[in-house]
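In: Sequence isn't available, so here's the structure alone:
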């Protein structure tokens, strides 16, 4: 990894999260390092069990890391003063997947939004105006201020959740699957809204999702996670069009086509690992499902040596694979990535 | 395709009403369709479109206070509506089976995978021999490509991954050799690499002769495996055609909107998405006339013509590709 951390909002180093017993427990996040730069959207993509949600929750402070270090604007988050912690909580806001569970059903929209507005230091006389502006900003009618969450549809609730996050004028938004629970037509609306807000407010966004299409639409850079590890990191183009990790390639090729008439046989997509299959203490976690390893005659090194996330000469594009140099040529068969 | 052989299933004017506190809520409204043997027909829609209700109605499993009416539900030469409950029970599982999104919730958590599967065979075929039942179960798990069949038979549902649970549910659904499988969002909760395997499996099952009604919100999965597609909106079918035709030349503004909402995976992403404005209506308050008109960009572009607001579009449903839109032709030309 490069040590270029200039203008990084978050710097994450060797992040580990173990659930349960310290040595025997489940390593949900297993030695992850990356930066989040100011003004960018970093997409964190992975399947279930990849640790993507846990990374998001640790960043925002809902979960405490087992080891590793996170600094926010140059200060380690583990050692913030009380004052700094208050600032941190204002600057970093989270948006969850399920807009039905993340709003208090007993409070009106006005009441929910007023908390943050009051805390953001807006004088009392201007607060009503701020509420109205906020509603307009997320595309809701100000007449809805006195309604309760159950009176809103899923898409509207996700707008409310966004509005609540914005009451404190945050700098960073951590969004965990913010559109996954929404209808297709509503997803597009909320993604457009997020794009507008990002542009208007200069937000830095960490976008956690399983959805490759969403991550492709929304990200400047993409981090791909597999079983607790960061396996590839690069710009949107690098990951979506020139991926050098066998897992990313597999993920991309597994996504359904958007037009009919394609062959749906995907010989390089392997069955999911069995639940509770032991995480390999040494070696690459992806080795048992890896089509590149198989094509290379199952080299021993993949089982004995854990690949480091290494950047290559292509502008910091990093992949954690011993044989990443082989991937683009081998990918000729499964390539729909980068195909015209 | 629709006129050639005798369809396996022919449904005319299927309507599902829920009578709640004196008012009537119509979840599915005069839905007509036919399914040929070996065909996979996608039913696409958003929430409250009636797509799941349609699946339940075909199984005669709509829960009270729901009421199903139709001028015809003919399955394999029999009229499903006139069957007694006992006769219908024999058809369920045996000839028509249902596979749902949340496989785990359909299984008994305290019985093994083996028991979940053989129960169906015992109940429907009266087989008692342990050895025969075991053989059937092992074969069923092999048919759905679940690795390590013998070991997995002894496991409990929660010990399997989501993809394996869905494979077990499908094994249960196909073990009696049904002619029709209704799969309601069978891959929605699954990871994309797992979804690819389940879709390929469904395709394989239909190649073996079974017909599948594939209910989903995701047009890309329809593009993958379906032969024909029915697009549902607000309780009605608004477009019907082969997958190739509907994707290449969508006739209904709603279908066009859904296709435009599909995010690309290749090439630079668009700056903005062409989102359909507003939200799907609820059955309590379907809009008048064409139910899509309040969200329709074509309607606005044409100067909000009156008939969209007052008249139901009446398409010729015998055509191989049709759309329930007064201005389908104008829309396609734009």
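Out: Looks like it came in fine. Model, not experiment: these values are computed from the prediction.
In: Name the SS class of the residue in the stretch 1-150 of chain B positioned nearest to chain A, please.
Out: Residue nearest to chain A within the stretch 1-150 of chain B: residue B:46 (4.1 Å; C-beta to the nearest C-beta). Every C-beta, even on glycine, is put in place using the N, C-alpha and C of the backbone. Under DSSP: H, G, I helix; E, B strand; the rest coil, the three-state class of residue B:46 is coil.
In: try residue B:32
Out: The assignment at residue B:32 comes out as strand when based on three-state DSSP.
In: What's the local residue count around it?
Out: 17 (other C-beta atoms under 10 Å in any protein chain shown).
In: How about the contacts made by the nearest residue to it once chain neighbours are set aside?
Out: The shortest distance from residue B:32 to any non-neighbouring residue, by C-beta to C-beta, 6 or more residues apart in numbering or on different chains, is to residue B:12 (4.8 Å). If a contact means C-beta atoms under 8 Å, 6 or more residues apart in numbering or on different chains, then residue B:12 has B:32, B:70-73 as its contacts.
In: and the residues you listed, which are buried?
Out: With burial judged by 16 or more other C-beta atoms under 10 Å in any protein chain shown, the buried subset of the contacts of residue B:12 is B:32, B:70, B:73.
In: rewinding a little: make sure the residue of the stretch 1-150 of chain B closest to chain A is actually in contact with residue A:185.
Out: Yes - using C-beta atoms under 8 Å, residue B:46 is in contact with residue A:185, at 6.3 Å.
In: Now for these two: what residues contact both?
Out: With C-beta under 8 Å, 6+ apart, residue B:46 and residue A:185 have common neighbours residue B:280.
In: Specify which residue of the two has the higher count of neighbours.
Out: Neighbours per residue, other C-beta under 10 Å: of residue B:46 and residue A:185, the larger number sits with residue A:185, 23 against 20.
In: Quick check: that one vs residue A:84, distance?
Out: 42 Å (C-beta to C-beta, to the nearest Å).
In: Show me which residues of the stretch 1-150 of chain B sit near chain A.
Out: B:46-47, B:145, B:147 (C-beta under 8 Å from any C-beta of the partner chain).
In: Identify, from these, the entry nearest to residue A:254.
Out: Nearest to residue A:254 among the residues of the stretch 1-150 of chain B next to chain A: residue B:145, at 15.6 Å, using C-beta to C-beta.
In: how many neighbours does the closest one have?
Out: Neighbours of residue B:145 (other C-beta under 10 Å): 16.
In: Wait, it touches residue B:168, no?
Out: No - at 11.6 Å, residue B:145 does not count as touching residue B:168 under the criterion of C-beta under 8 Å.
In: For residue A:225, list the residues it contacts.
Out: Residue A:225 is in contact with A:32, A:44-46, A:50-52, A:55, A:231, counting by C-beta under 8 Å, 6+ apart.
In: Tell me which of these fall in strands.
Out: A:32, A:44-45, A:231 (DSSP state E).
In: what about the helix or strand bottoming out on mean pLDDT in chain A and chain B, touching?
Out: Counting by mean pLDDT, DSSP states H and E, chain A has its least confident helix or strand at helix A:327-330, which shows a mean of 78. No - judged by C-beta under 8 Å from any C-beta, helix A:327-330 and chain B are separated, with a smallest distance of 15.8 Å.
In: I'd guess residue A:266 is in a strand, am I close?
Out: No - looking at residue A:266 with three-state DSSP, it is coil, so not inside a strand.
In: OK, contacts around it?
Out: If you count contacts by C-beta under 8 Å, 6+ apart, then residue A:266 has A:253-254, A:334, B:196, B:200 around it.
In: Noted, bye for now.
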